[in-house]
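>>> how does the following fold in three dimensions:
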Amino acid sequence: MRLSPLVLQIPPSMQMTDEQFFDFCQVNRDLRIEMNQFGEISIMPPTGSETGYRGGNIFGQLWVWSEKDGTGICFDSSTGFTLSTGAKRSPDASWIKLERWNTLSSEQQQRFAPICPDFVIELRSPSDNLQPLKDKMAEYMQEPGVQLGWLIDRKHRRVYIYRPGQPEEILENPETVSGEPVLPGFILNMNKVW
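Numbers count the residues shown, from 1 in each chain. Just a heads-up that it's a prediction; the model follows:
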């Protein structure tokens, strides 16, 4: 059974403010909710247990590296960011340089921060269509500050690498993926991701 996101189209007169959207997400914590630049709301069901385990492994590896590196902070899939277009996105894992994060006020940091991470990862779950995820990665690559993105497709054992202004790169069944030079020393071991 394929579970696709439910997409709600909201009339312009009923668009939510940033604060209202944040509150809407808080009272619906069990759902992954995003909004595109046109105000359409996507409600995604929680991931299956296996995808959650794989995503947790990705975040765990990023977190361990980030703690050792000390130049930035990482975020899990429950974190929302407000992009320059007004879209609200929640990558499966992400990382931001401290110098960029620290430019935000405490209030901005507590909500869906108005910043796109330097590094974003999306993990394709079995129910996800590939093209919407590629579109999301292309959206990230248009954002100020973003430097690197990975779309991990477990189904086909591919990793799509995105960099602003460069063509998509595809790695076929890699054992590891390097974050160099954006994340010096970060190497994602794919053994527990596949």
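
>>> from here on, just use CA atoms for contacts and neighbour counts.
Fine.

>>> spatially central residue for the protein, please.
For the chain, the residue nearest the mean C-alpha position is P91 (1.2 Å; C-alpha atoms, centre = their mean).

>>> for that one, list the residues it contacts.
P91 is in contact with D76, S77, T79, G80, V120, I121, E122, counting by C-alpha atoms under 8 Å, 6 or more residues apart in numbering.

>>> per-residue pLDDT, it?
Note on P91: pLDDT of 96.

>>> restricted to strands, list the contacts of P91.
V120, I121, E122 (DSSP state E).

>>> quick one, which of the residues you listed are buried?
The neighbour count (16 or more other C-alpha atoms under 10 Å) marks V120, I121, E122 as buried among these.

>>> the second one contacts D153, doesn't it?
Spelled out, it's I121. No: with contacts counted by C-alpha atoms under 8 Å, I121 stays clear of D153, the gap being 10.9 Å.

>>> and for those two, which residues touch both?
Common contacts of I121 and D153 (C-alpha under 8 Å, 6+ apart): none found.

>>> would you say the residue nearest to the centre of the chain is within a strand?
No: with DSSP: H, G, I helix; E, B strand; the rest coil as the criterion, P91 is located in coil rather than a strand.

>>> quick check: it vs M16, distance?
Applying C-alpha to C-alpha, to the nearest Å, the value for P91 to M16 is 21 Å.

>>> same question, S49
Distance, S49 to M16, by C-alpha to C-alpha: 32 Å.

>>> and the two? which has more neighbours close in?
Neighbours per residue (other C-alpha atoms under 10 Å) separate S49 from M16, with M16 holding more: 14 against 9.

>>> how about residues contacting stretch 145-159?
115-126, 133-134, 137, 140-141, 160-164, 170-174, 182, 193-194.

>>> dump the helix ranked longest in the chain to PDB, restricted to CA.
In the chain, with assignment by DSSP state H, the single longest helix is helix 49-69. Extracted in PDB, the C-alpha atoms of helix 49-69 (Å, rounded to 0.1, in the frame of the first residue of the first chain):
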ATOM      1  CA  SER A  49       9.900   1.600  11.700                       C
ATOM      2  CA  GLU A  50      12.600   0.500   9.300                       C
ATOM      3  CA  THR A  51      12.900   3.900   7.600                       C
ATOM      4  CA  GLY A  52      13.000   5.500  11.100                       C
ATOM      5  CA  TYR A  53      15.800   3.300  12.100                       C
ATOM      6  CA  ARG A  54      17.800   4.100   8.900                       C
ATOM      7  CA  GLY A  55      17.100   7.800   9.300                       C
ATOM      8  CA  GLY A  56      18.200   7.600  12.900                       C
ATOM      9  CA  ASN A  57      21.400   6.000  11.900                       C
ATOM     10  CA  ILE A  58      22.100   8.800   9.400                       C
ATOM     11  CA  PHE A  59      21.400  11.500  12.000                       C
ATOM     12  CA  GLY A  60      23.500   9.600  14.600                       C
ATOM     13  CA  GLN A  61      26.500   9.600  12.300                       C
ATOM     14  CA  LEU A  62      26.100  13.300  11.500                       C
ATOM     15  CA  TRP A  63      25.600  14.100  15.200                       C
ATOM     16  CA  VAL A  64      28.800  12.300  16.300                       C
ATOM     17  CA  TRP A  65      30.800  14.100  13.600                       C
ATOM     18  CA  SER A  66      29.200  17.500  14.400                       C
ATOM     19  CA  GLU A  67      30.100  17.100  18.100                       C
ATOM     20  CA  LYS A  68      33.700  16.300  17.300                       C
ATOM     21  CA  ASP A  69      34.000  19.000  14.700                       C
END
